[in-house]
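Novice: Below are the sequence and a predicted model; questions follow.
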Amino acid sequence: MSFSLFVKKGDESEAERGSMCDTVTAIYARQSRRRGQAYSSCENQIDLCRSLASQRKWLVTHVFSDEGQSSETLDRPQLSRLVAEVEAGKINRLVVYSIDRLSRRLADFGRLLQLFEKHNVELVVVTDPNYSDTAAGRLMTNIVAAASEFQQDLTRERMADMRSAYKRVGKRVAGRVPFGYRAESVTKQLVVDPVQSVAVRDFFALASKGSRPSELAGLANQSHWKDQNGNVGKWTPRRILKLLSNRVYVGEIPDGDSTLPGAHQAIVSVAAFDAVQRELISRRTQQSPRGERRARGGHKHAGLLGLLVCGGCHRPMSTSISHRGPVRYLYYRCRSNAGGVAPCPGVNIGVYELERFVCTVITDVEDISSEIPLELREHWKQIDQRQLQTDLPRIVEKVIYHHGSGELTIELDDDRLHSLAAGLTESPERTDSESL
């Protein structure tokens, strides 16, 4: 919020001074986009409003300016402050350049008028000197606001039609420019970047030969390859994976959940792209029957691998082995670099310690508040601890580990639990190993 004081030159009567001090005048300006110009639209609106205030000998004490704010909503920083000042009774008069600076939505504009009327705030419009709070004045204002909203809706429809027409002929509409391309200065269509495109082809060539996204990210960072923003060392496995899955590189453009043939030049062939997709699919985590997640190279003794989440960053925790002489200790650790964010330092817990505690919780027959059927808890109490730990992935949906407090949040599959309980009731003679 900025404050401006106008000092009237020359002699003033006591009545004029009293009139200027009794009424607090504010100015509100808005523009939809920030254009980085030396003299913005908001500044122009404010100057015109100040000129009118000066002519009428009004003292302006508040100036509210929302730059880069749409008229689609009333949730704007400076407008919210203006409303708060009005509700507090600190403003008696508001000067705007035009009514569409307040809102282009008739319903929103009506709510603002009701607010001003409730708190006795006079609205002055620079472009409409005859505006008043009479019935005829409000009618004309509502007509103008409705016409403004109608014009905005027409503009939105024309833009939607234009986007559809662009897509039909394979032209880019909007969005970020993918690495390997640049936007043509006039048409904004994709043009192959001669330097970045070489890196894209290298990424696909190495991925088709078995290189993992983490290896490609490491290679790009070590080789000081710049991204589309000119930054070095910002490559992550997730970013590489997204690049390798983007069909824009075979000359297509996105259209909702599918793609359409694009007008831009492809960087890699369809055959090379498909080869990389087959390689990525073959390396993804495989899911066997009901909750048993096993990834290539995963530890078979970590039953909660893929189910345990770090409570600090909400990313999956992976396993790590610590060697102390001939003894190996298996831990769950926060080690993910997803999103380019470093893992939480010092967050780890022993695999056996964690899984034993989870088993203790779900087999607690004394806990009357437990939602786990009592017959299941009693039955699991008799099962070998190692067998129960092995079967944990079948009944556990997620475990969240909060390292700072040492707390665990355990989410179980209710449908699976009740199904198992029903099975126990129907076949009490089954063996322990068949119950899970």
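Specialist: Perfect, I can see it now.
Novice: Tell me where the model's unsure across the stretch 101-250 of the chain.
Specialist: Judged by pLDDT under 70, the stretch 101-250 of the chain has its weakly predicted residues at 130, 132-142, 144-145, 148-149, 152, 160, 163-170, 172-174.
Novice: rerun that using 90 as the cut-off
Specialist: Judged against pLDDT under 90, the low-scoring parts of the stretch 101-250 of the chain cover residues 101-117, 122-125, 127-178, 182-191, 208-215, 217-235, 237-239, 246-248, 250.
Novice: Check the stretch 251-400 of the chain too.
Specialist: For the stretch 251-400 of the chain, residues meeting the criterion pLDDT under 90 lie at 251-265, 275-400.
Novice: can you give me the helices in it?
Specialist: Assigned by DSSP state H, counting those that start in this stretch, the helices in the stretch 251-400 of the chain fall at 270-283, 351-362, 374-381, 385-391.
Novice: May I see the ones you listed arranged in TSV, with mean neighbour count and distance to residue 51 as well?
Specialist: (Each C-beta comes from the backbone N, C-alpha and C, glycine too.) Shown next, in TSV, are these (neighbours: other CB atoms under 10 Å; distance: least, CB to CB, whole Å):
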stretch	mean neighbour count	distance to residue 51
helix 270-283	14	61
helix 351-362	18	71
helix 374-381	17	79
helix 385-391	17	78
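Novice: Out of the ones you listed, which gets nearest to residue 214?
Specialist: Each of the helices of the stretch 251-400 of the chain was scored for nearness to residue 214 using CB to CB, and the closest is helix 270-283 (11.1 Å).
Novice: Quick one: residues in contact with stretch 208-219.
Specialist: The contact list for stretch 208-219, computed with CB atoms under 8 Å, 6 or more residues apart in numbering, reads 203, 206-207, 235-241, 244, 272, 275-276, 279, 283.
Novice: Kindly recompute the last result at 6 Å.
Specialist: Residues lying outside stretch 208-219 but in contact with it, judged by CB atoms under 6 Å, 6 or more residues apart in numbering, are 203, 235, 236, 237, 240, 241, 275, 276.
Novice: Need the helices of the stretch 251-400 of the chain in TSV (columns: distance to residue 315).
Specialist: As requested, the helices of the stretch 251-400 of the chain are arranged in TSV below (distance: least, CB to CB, whole Å):
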stretch	distance to residue 315
helix 270-283	19
helix 351-362	17
helix 374-381	30
helix 385-391	23
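Novice: Domain map for the protein?
Specialist: According to automatic domain parsing, the chain is divided into the following domains: 14-150, 181-283, 308-434.
Novice: Please produce CSV containing the ones you listed, extended by distance to residue 175.
Specialist: Conversion of the domains of the chain to CSV gives the following (distance: least, CB to CB, whole Å):
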stretch, distance to residue 175
domain 14-150, 17
domain 181-283, 8
domain 308-434, 20
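Novice: of all the ones you listed, which lies closest to residue 162?
Specialist: Taking CB to CB as the criterion, domain 181-283 is the member of the domains of the chain that comes nearest to residue 162, at 12.6 Å.
Novice: quick one: the closest one to chain centroid distance?
Specialist: 23 Å (CA atoms, centre = their mean, to the nearest Å).
Novice: now stretch 112-131
Specialist: Mean C-alpha position of stretch 112-131 versus that of the full chain (CA atoms, centre = their mean) differs by 37 Å.
Novice: who's in contact with it?
Specialist: Contacts for stretch 112-131 (CB under 6 Å, 6+ apart): 48-49, 52, 86, 93-99, 102, 137.
Novice: which two in the residues you listed are spaced the farthest apart?
Specialist: Comparing every pair within those by CB to CB identifies 48 and 86 as the most remote, at 21.6 Å.
Novice: Could you report the neighbour count for residue 420?
Specialist: Counted with other CB atoms under 10 Å, the neighbours of residue 420 add up to 21.
Novice: Now it. Nearest residue, chain neighbours left out?
Specialist: Nearest-residue entry for residue 420: residue 376, 6.0 Å, with adjacent residues in sequence omitted and distances by CB to CB, 6 or more residues apart in numbering.
Novice: do you know how far the one you found is from residue 307?
Specialist: In this structure, residue 376 lies at 19 Å from residue 307, with CB to CB, to the nearest Å as the measure.
Novice: now do residue 374
Specialist: Separation of residue 374 from residue 307 (CB to CB) stands at 24 Å.
Novice: likewise residue 76?
Specialist: Residue 76 sits 43 Å away from residue 307 when distances are taken as CB to CB.
Novice: ranges for the strands of the stretch 101-250 of the chain?
Specialist: Ranges of strands in the stretch 101-250 of the chain, per DSSP state E, counting those that start in this stretch, are 122-125, 181-183, 190-192.
Novice: Tell me which of those strands lies nearest to residue 63.
Specialist: Among the strands of the stretch 101-250 of the chain, strand 122-125 comes nearest to residue 63, with 14.4 Å by CB to CB.
Novice: In that closest one, which residues are buried?
Specialist: Within strand 122-125, the residues that qualify as buried by neighbour count (16 or more other CB atoms under 10 Å) are 123, 124, 125.
Novice: Who is the first one paired with across the strands?
Specialist: Yep, that's residue 123 we're talking about. residue 94 (DSSP bridges).
Novice: Distance of it relative to residue 92?
Specialist: For residue 123, the distance to residue 92 under the criterion CB to CB works out to 11 Å.
Novice: Repeat that for the second one.
Specialist: According to CB to CB, residue 124 stands 11 Å off from residue 92.
Novice: Kindly report the same for the last one.
Specialist: Residue 125 is 16 Å from residue 92, where distance means CB to CB.
Novice: Please report how far residue 395 lies from residue 358.
Specialist: From residue 395 across to residue 358, the span is 10 Å (CB to CB).
Novice: swap that for residue 222, please
Specialist: Here the criterion is CB to CB. By it, residue 222 lies 40 Å from residue 358.
Novice: Also residue 196?
Specialist: For residue 196, the distance to residue 358 under the criterion CB to CB works out to 48 Å.
Novice: Next: residue 332.
Specialist: As defined by CB to CB, residue 332 lies at a distance of 12 Å from residue 358.
Novice: try residue 329
Specialist: Distance from residue 329 to residue 358, counting by CB to CB: 18 Å.
Novice: and what of residue 205?
Specialist: With the distance defined as CB to CB, residue 205 ends up 45 Å from residue 358.
Novice: One more: residue 81?
Specialist: For residue 81, the distance to residue 358 equals 50 Å [CB to CB].
Novice: ok, and for stretch 335-352, which residues are buried?
Specialist: Counting neighbours by 16+ other CB under 10 Å, one finds that the buried residues in stretch 335-352 are 335, 336, 343, 344, 347, 348, 349, 351, 352.
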